[in-house]
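> Sequence and predicted structure below; questions after.
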Amino acid sequence: MRVSIATAPGGVNPNEDWVGATSTLAVVLDGLSTAGLDTGCRHGVPWYVAQLGGHLIAALADPGRLLADGLAQALDQVAALHPGCDLRNPGTPSATVSILRAGADRFDYLVLADSPIVVERDGAYEVFTDLRVDAVVPELRAETERFATGTPEHAEAVRRMVEAQRLTRNAPDGYWVAASDGEAAEHALAGTVAAVGVESAAVMSDGAARLVTDYGVASWVDVFATLRGEGADGLISAVRKAEATDPDGLRWPRFKSGDDAAVAFCQL
């Protein structure tokens, strides 16, 4: 398959998303925001997603390997790179994971948390995502929506929400992300899609999918038309143009005025 990729930060801070691809593989990672809280790690989220992405691509070089097995290996390998950090800290650097792999007659997919994979087949769109995080501390999530983005009140509400989310992260009654333990791979949602009829697919961080999932100003038909006509960069630009019309998050309440975005557009 032919894969075009793009990623961009949502503001002035370093990009915490990562995207990589080969002719048969597309990977998107979305680093979780720390909200200024302690992580127990001196390296930071951008370092973490870069290391995890590279190790994940290498671990899945074998086309017959299960995606979850490759992810588990990559997680353990990255943890071994920084043993001096407090990897038991609930805020240790972590990320969502979305993987799509093309085979001879099928596509394998894996999603861990809310970065979606969208497959276009015969004019219809199938979405694979993991929204368990949405069920966590809903009252604190709602509290963040009371304040304009960028205000001290909003920043404090986000901090309280993230602090509470961390206590449910990678726990049986919470939600799962890639962090410091390969066990998380066992909790990913994985499956296969027959290749017959598939025209294209997009692997995205939630920051790139928001025109559909959060803002409701576009359909997947629109998104794939943008990807075909303007490329992966064009989709991110379209997201930024929409966000610029609502810089304070009053129309579309959100945690940041602009979120980091990453996308891999796969065409057969």
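On my side now, so go ahead. Numbers count the residues shown, from 1 in each chain.

> shouldn't Leu29 be in contact with Thr7?
No: Leu29 is beyond contact range of Thr7, at 9.7 Å (criterion: CB atoms under 8 Å). (Glycine included, C-beta is placed from N, CA and C.)

> any common contacting residues for those two?
Asp17, Trp18, Val19, Ser205, Ala262 (CB atoms under 8 Å, 6 or more residues apart in numbering).

> can you put those residues in a markdown table and add pLDDT and secondary structure?
Formatted as a markdown table, these follow (pLDDT from 0 to 100; DSSP: H, G, I helix; E, B strand; the rest coil):
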| residue | pLDDT | secondary structure |
| --- | --- | --- |
| Asp17 | 98 | strand |
| Trp18 | 98 | strand |
| Val19 | 98 | strand |
| Ser205 | 98 | coil |
| Ala262 | 98 | strand |
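
> Spell out which two among those are the most distant pair, please.
Trp18 and Ser205 (8.9 Å; CB to CB).

> quick one: common contacting residues for the two?
Going by CB under 8 Å, 6+ apart, residues that sit against Trp18 and also against Ser205 are Thr7, Val28, Leu29, Ala262.

> re earlier: compare Leu29 and Thr7 and say which is more crowded by neighbours.
Leu29 (30 against 25; other CB atoms under 10 Å).

> Now do that one against Asp114, distance only.
To Asp114, Leu29 is 12 Å away according to CB to CB, to the nearest Å.

> Now do the shared contacts for the two.
Shared contacts of Leu29 and Asp114, counting by CB under 8 Å, 6+ apart, come down to Thr96.

> Need the contact partners of stretch 79-94.
Here stretch 79-94 has contacts from 31-32, 34, 37-45, 47-49, 51, 162, 166-167, 169, 177-182, using CB under 8 Å, 6+ apart.

> ok, now stretch 189-200?
Residues from elsewhere that reach stretch 189-200 (CB under 8 Å, 6+ apart): 66-68, 102-112, 119-122, 126, 128, 130, 224, 227-228, 265-268.

> Mind doing that once more with 6 Å?
67-68, 105-108, 110-111, 119-122, 130, 267 (CB atoms under 6 Å, 6 or more residues apart in numbering).

> got it, and stretch 66-74?
Outside stretch 66-74, the residues touching it (CB under 6 Å, 6+ apart) are Leu52, His55, Leu56, Ala59, Leu60, Ile99, Asp108, Leu110, Gly182, Ala185, Ala188, Ala190.

> Of all the residues in it, which ones are buried?
Within stretch 66-74, the residues scored as buried using 16 or more other CB atoms under 10 Å are Leu67, Ala68, Gly70, Leu71, Ala72, Gln73, Ala74.

> Now render these as a markdown table, adding pLDDT and secondary structure.
Shown next, in a markdown table, are those (pLDDT from 0 to 100; three-state DSSP):
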| residue | pLDDT | secondary structure |
| --- | --- | --- |
| Leu67 | 98 | helix |
| Ala68 | 98 | helix |
| Gly70 | 98 | helix |
| Leu71 | 98 | helix |
| Ala72 | 98 | helix |
| Gln73 | 98 | helix |
| Ala74 | 98 | helix |
